[in-house]
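Participant: Sequence first, predicted coordinates after that:
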Amino acid sequence: MANVGIRVVIGSGAYSNNPGWMETQESELNLLNKEHWRSQFRPDSIKVILAEHVWEHLSYEEGVQAAKTCFKYLRTGGYVRCAVPDGFFPDAAYQQAVQVGGPGPCDHPAASHKIVHNYRTLSSMFEEAGFIVSLLEYCDEQGEFHEKEWNAQDGFIYRSKRFDHRNTGDQLGFVSLIVDAKKL
């Protein structure tokens, strides 16, 4: 079997959607805590970092800082697969649920959202850190959904067109803005 390299899930939550990957919680591997990274990894040692609905809990500036940390620890050719709520998805209930500060009580998961990204802001954030960005799933300014074929074995994203149970046929109930940010 070929060496697949270190594959890390940031903020894996209660789900284990990526068997064989190193799954972490914020208390173990905080995107903004350089000591966490230094104590667990060597620079240029990680093949893939997967973050599903994590980056929206960081401000834009924190997101750039986190992307720079990931860049340092990814090996050449490695990438971050990042999924966040899509600020251009044309559904009022969705936008209310993912809004900055969340839709209701402080214990709601979205209560700590600091930004609602669109494809331009998320791409720009990773590009500032030195990555080349490929858009996998996103909505444009007119709310039109775009997708590029991607392999779930390279980083499974549940909240995607293909896998989220709220999507049926051509009816989109919940999508994410998904990018691969590659280190060249």
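Facilitator: Arrived safely, thanks for sending. Note that the structure is predicted; figures quoted are calculated from it, not measured.

Participant: The protein: strands as residue ranges?
Facilitator: With strands called from DSSP state E, the chain shows them at 6-10, 22-23, 46-52, 74-85, 132-139, 145-147, 176-182.

Participant: Roughly how far does Glu62 sit from Ser27?
Facilitator: Per C-beta to C-beta, to the nearest Å, Glu62 is found 17 Å from Ser27. (Each C-beta comes from the backbone N, C-alpha and C, glycine too.)

Participant: Give me the more crowded residue out of those two.
Facilitator: Shown here are Glu62 and Ser27; by other C-beta atoms under 10 Å, Glu62 has more neighbours (16 against 8).

Participant: Just the pLDDT at that one, thanks.
Facilitator: Looking at Glu62, its pLDDT reads 97.

Participant: Hmm, Lys114 and it touching each other?
Facilitator: Yes. Taking contacts as C-beta atoms under 8 Å, Glu62 lies within contact range of Lys114: 7.5 Å.

Participant: any idea which helix is longest in this protein?
Facilitator: If you go by DSSP state H, the chain has its longest helix at helix 60-73.

Participant: Pull the residues that contact that helix.
Facilitator: Among residues not part of helix 60-73, those counted as contacts by C-beta atoms under 8 Å, 6 or more residues apart in numbering are 31-32, 34, 37, 41-46, 49, 55, 58, 80, 114-115, 121, 125-126, 128-131, 181, 183.

Participant: Restricted to helices, list those.
Facilitator: Secondary structure assignment (DSSP H) places 34, 37, 121, 125-126, 128 from the contacts of helix 60-73 within helices.

Participant: Pick out the residue nearest the middle of this protein.
Facilitator: Ranked by distance to the mean C-alpha position of the chain (C-alpha atoms, centre = their mean), the top residue is Cys82 at 2.3 Å.

Participant: Run a quick check on Asp86 versus Val179, I expect a contact.
Facilitator: No. When contacts are counted by C-beta under 8 Å, Asp86 is not listed as touching Val179 (10.9 Å).

Participant: Just the CA coordinates for stretch 164-180, please, in CSV.
Facilitator: Extracted C-alpha coordinates of stretch 164-180, given in CSV (Å, rounded to 0.1, in the frame of the first residue of the first chain):
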residue,chain,number,x,y,z
ASP,A,164,-26.5,16.1,2.5
HIS,A,165,-29.9,14.4,3.1
ARG,A,166,-31.6,17.8,2.7
ASN,A,167,-30.8,17.7,-1.1
THR,A,168,-33.0,15.7,-3.3
GLY,A,169,-32.6,15.4,-7.1
ASP,A,170,-32.1,19.0,-8.3
GLN,A,171,-33.7,20.5,-5.2
LEU,A,172,-31.0,22.0,-3.0
GLY,A,173,-31.9,22.2,0.7
PHE,A,174,-28.4,22.7,2.1
VAL,A,175,-25.1,23.2,0.3
SER,A,176,-21.7,24.4,1.3
LEU,A,177,-19.1,26.5,-0.3
ILE,A,178,-16.3,24.0,-0.8
VAL,A,179,-12.7,24.7,-1.9
ASP,A,180,-9.5,22.8,-2.2
